[in-house]
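Asker: turn this into a structure:
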Amino acid sequence: SATHGVRWPIGEASAGTARRASVTDFGADSTGQKDSTAAVQKAIASLARRNARLVFPAGKYTFAASNAVLMDFNGYEGLEIFGNGAELSFAGATQPLRLTSCKDLEVHDVIVDWTRPPCSQNGERGIADAAALRLNGCEQILLETVVFHAAPGAAVSFSGCRDITLDTVRVMPHPGSGHAVSSCGDGVAILDCTGTVTAQHALISGTGGAGMRVQQSYWRVSQVADPQAAVLASAEGKPVPEWLLPKPGTYMQISEAESLKLLGEIVVTKAEPVSGGMRLSFAETLSPAVGKGTLFCLSATNQAQLKMDDCKLSGGPSVGLVAQSRARIVNSTFRGYGGPAILLAPDLEHMRGPVVENIHINDCTFAECNLAPGDARGAITIDTAPHGTGAAVPAARINEGITLQRNVFSRLGGPAIYCAGATWLDVESNRFYDCDRRRAAGEQPRVIVLRNLDQSTVASNEANGPGKIVMIDCTEKVKVGDNGPLTNATA
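Answerer: Below you'll find the predicted structure:
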């Protein structure tokens with residue numbers, strides 16, 4: 001099969017001294033007729049580890065199928081990859097580019113595609129976890145005008161990185177190909193990252209998973225080694241890689257295992273990998289409430305802050321954006337998702353979190369979302385679990401600080417907004433058109449659904465016709481003001 005084709009030699013070769021290397025100077029074929037694997041490998045081997053540039057002259061470059069990594073960079077600083085609009089065409093389970101522990105990275109004007117859509121490669125199971133571009137433990141990253149037409153898993157995956165800028169990144173099927181799917185997994189997956197994540201002018205369409213995902217890991221205590229140390233288990237049961245270890249001075253929040261109730265925060269003084277996870281040491285003594293099963297997560301002050309502006313996410317069976325905390329989404333468009341356009345909820349099944357906190361969604365447009373039957377949640381969904389609470393009202397208010405202002409919602413399968421288990425929700429000056437299309441005949445549309453909320457405000461919203469604001473087990477401190485033709489339906 002294709003995954004058992006060529007194996008490229010990606011050893012720990014010593015770096016060269018060149019500041020610039022053009023792949024065609026090393027024999028790469030810009031017409032796409034010949035395999036350019038060896039030439040690109042030689043070009044990379046010639047580069048210095050500091051302030052070097054790898055160049056793909058305009059054209060098309062093809063690469064033989066493999067289960068290896070084509071371009072593998074570890075410990076580089078000041079690396080630039082310039083594509084000049086070149087198309088790089090891959091096959092099988094190839095991973096085109098992996099960068100580990102690099103700093104000051106820039107990737108410009110590159111188009112990534114596969115000779116046939118990876119999702120259609122029968123018999124090649126296991127490729128769904130692969131990413132076309134994977135960055136581990138890198139800092140100060142810029143992706144500019146990078147296009148992904150296909151990928152076996154996520155188009156781009158960031159793990160343990162810091163300060164990411166995505167400028168005009170596109171994940172979309174090749175125009176004219178007739179393909180409905182771009183990446184088989186998420187479009188952009190940002191996990192356990194810190195600093196600032198800036199996404200602007202992005203276009204993400206046709207992803208098999210979420211269009212974009214920004215989350216942190218929950219780490220479950222497997223052993224309290226002593227009053228000032230704990231061993232945390234990794235989800236994979238392996239030692240935690242260096243780039244994911246919290247640095248000294250990092251704040252970790254501690255939560256109850258099932259309710260996710262916050263128990264407090266503590267400062268890490270030392271972190272080291274151990275069998276099955278990592279061991280954290282602290283200057284302070286752990287609370288007696290911390291025991292086997294207790295959850296640790298980066299505190300809000302250390303988590304990545306997402307800033308999304310002028311982005312367009314559309315056309316997927318899953319969701320548009322998955323996030324939890326410290327997100328500001330403005331002037332963006334979400335359209336054509338089977339599930340919520342934006343899903344904000346901790347996920348214990350996959351050990352991802354944290355709880356929802358400090359979210360601002362303003363001046364965005366939502367259309368033709370939450371179309372899948374059987375899901376009563378909103379185009380924007382804030383919940384205590386990713387798959388909803390069904391008929392049950394969430395027992396705890398663990399989410400807080402959500403602002404939804406001046407957004408426009410239209411042609412939705414369910415409600416526009418669904419919020420459960422939260423405090424300090426502010427819904428103001430939004431406009432609603434033709435919501436809850438899947439409602440039973442004769443029923444008024446549900447426009448906003450609130451479950452177990454406290455100290456929240458819903459006011460100055462407008463709609464093009466009658467609709468309901470459904471309130472279930474909310475306190476008297478939830479204030480609903482003048483919302484045009486929308487009426488309260490309290491349960």
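
Asker: quick one, helices of the protein?
Answerer: In the chain, the helices defined using DSSP state H lie at 37-46.

Asker: residue at max distance from the center of it?
Answerer: Distance to the chain centre peaks in the chain at Gly442, reaching 39.0 Å (criterion: Cα atoms, centre = their mean).

Asker: and it, what pLDDT?
Answerer: Gly442 is assigned a predicted lDDT (pLDDT) of 89.

Asker: and Cys119, by the same measure?
Answerer: Cys119 carries a pLDDT value of 64.

Asker: poorly predicted segments of the stretch 51-200 of the chain, please.
Answerer: Applying pLDDT under 70 to the stretch 51-200 of the chain flags residues 117-129.

Asker: quick one, strands of it?
Answerer: 53-55, 60-62, 69-74, 80-90, 95-100, 103-114, 131-136, 139-148, 154-159, 162-167, 170-171, 188-191, 194-200 (DSSP state E, counting those that start in this stretch).

Asker: can you list the ones you listed in CSV and add distance to Leu313 and mean neighbour count?
Answerer: Every C-beta, even on glycine, is put in place using the N, C-alpha and C of the backbone. CSV is the format used below for the strands of the stretch 51-200 of the chain (distance: least, Cβ to Cβ, whole Å; neighbours: other Cβ atoms under 10 Å):
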stretch, distance to Leu313, mean neighbour count
strand 53-55, 30, 19
strand 60-62, 28, 21
strand 69-74, 28, 19
strand 80-90, 24, 19
strand 95-100, 23, 21
strand 103-114, 19, 20
strand 131-136, 18, 24
strand 139-148, 14, 20
strand 154-159, 13, 26
strand 162-167, 12, 20
strand 170-171, 9, 24
strand 188-191, 10, 24
strand 194-200, 10, 19
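
Asker: what's the closest of those to Ser287?
Answerer: Closest approach to Ser287 among the strands of the stretch 51-200 of the chain (Cβ to Cβ): strand 194-200, 25.0 Å.

Asker: run through who's touching that closest one.
Answerer: With Cβ atoms under 8 Å, 6 or more residues apart in numbering as the test, strand 194-200 has contacts from 139, 161-169, 188, 190, 212, 214, 298, 302-311.

Asker: pairing partners for it, with directions?
Answerer: Partners of strand 194-200 in the sheet, by DSSP bridges, are strand 162-167 (parallel), strand 305-309 (parallel).

Asker: could I get those as JSON lines with distance to Tyr218?
Answerer: What follows is the strands paired with strand 194-200, written out as JSON lines (distance: least, Cβ to Cβ, whole Å):
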{"stretch": "strand 162-167", "distance to Tyr218": "20"}
{"stretch": "strand 305-309", "distance to Tyr218": "19"}
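
Asker: quick one: closest of the ones you listed to Ala18.
Answerer: Of the strands paired with strand 194-200, nearest to Ala18 by Cβ to Cβ is strand 162-167, at 26.4 Å.

Asker: chain center to the closest one, what's the gap?
Answerer: A distance of 13 Å separates the centroid of the chain from that of strand 162-167, by Cα atoms, centre = their mean, to the nearest Å.

Asker: again with stretch 191-210
Answerer: Centroid separation for stretch 191-210 versus its chain: 5 Å, with Cα atoms, centre = their mean.

Asker: distance across that stretch, terminal residue to terminal residue?
Answerer: End-to-end span of stretch 191-210 (Cα to Cα, to the nearest Å): 13 Å.

Asker: rewinding a little: can I get the strands of the stretch 51-200 of the chain in CSV including distance to Ala38?
Answerer: Formatted as CSV, those follow (distance: least, Cβ to Cβ, whole Å):
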stretch, distance to Ala38
strand 53-55, 15
strand 60-62, 12
strand 69-74, 11
strand 80-90, 15
strand 95-100, 15
strand 103-114, 20
strand 131-136, 21
strand 139-148, 24
strand 154-159, 26
strand 162-167, 31
strand 170-171, 29
strand 188-191, 31
strand 194-200, 35
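
Asker: which residue packs closest to Gly83, ignoring adjacent ones?
Answerer: Nearest non-adjacent residue to Gly83, counting by Cβ to Cβ, 6 or more residues apart in numbering: Val110, 3.3 Å away.

Asker: that neighbour: what's it in contact with?
Answerer: Phe56, Ile81, Gly83, Ala86, Leu88, Val146, Val147.

Asker: ok, now with 10 Å
Answerer: 56, 81-88, 96-97, 133, 143-148 (Cβ atoms under 10 Å, 6 or more residues apart in numbering).

Asker: ok, Thr294 next?
Answerer: So Thr294 contacts 219-221, 224, 230, 232, 254-257, 263, 286-287 (Cβ under 10 Å, 6+ apart).

Asker: would you mind measuring from the nearest residue to His350 once chain neighbours are set aside to Ala385?
Answerer: What sits nearest to His350 in space, not counting adjacent residues and going by Cβ to Cβ, 6+ apart, is Ala235, at 7.5 Å. Ala235 sits at a distance of 17 Å from Ala385 (criterion: Cβ to Cβ, to the nearest Å).

Asker: those two: who's more crowded?
Answerer: Higher neighbour count among Ala235 and Ala385: Ala385, with 16 against 13, using other Cβ atoms under 10 Å.
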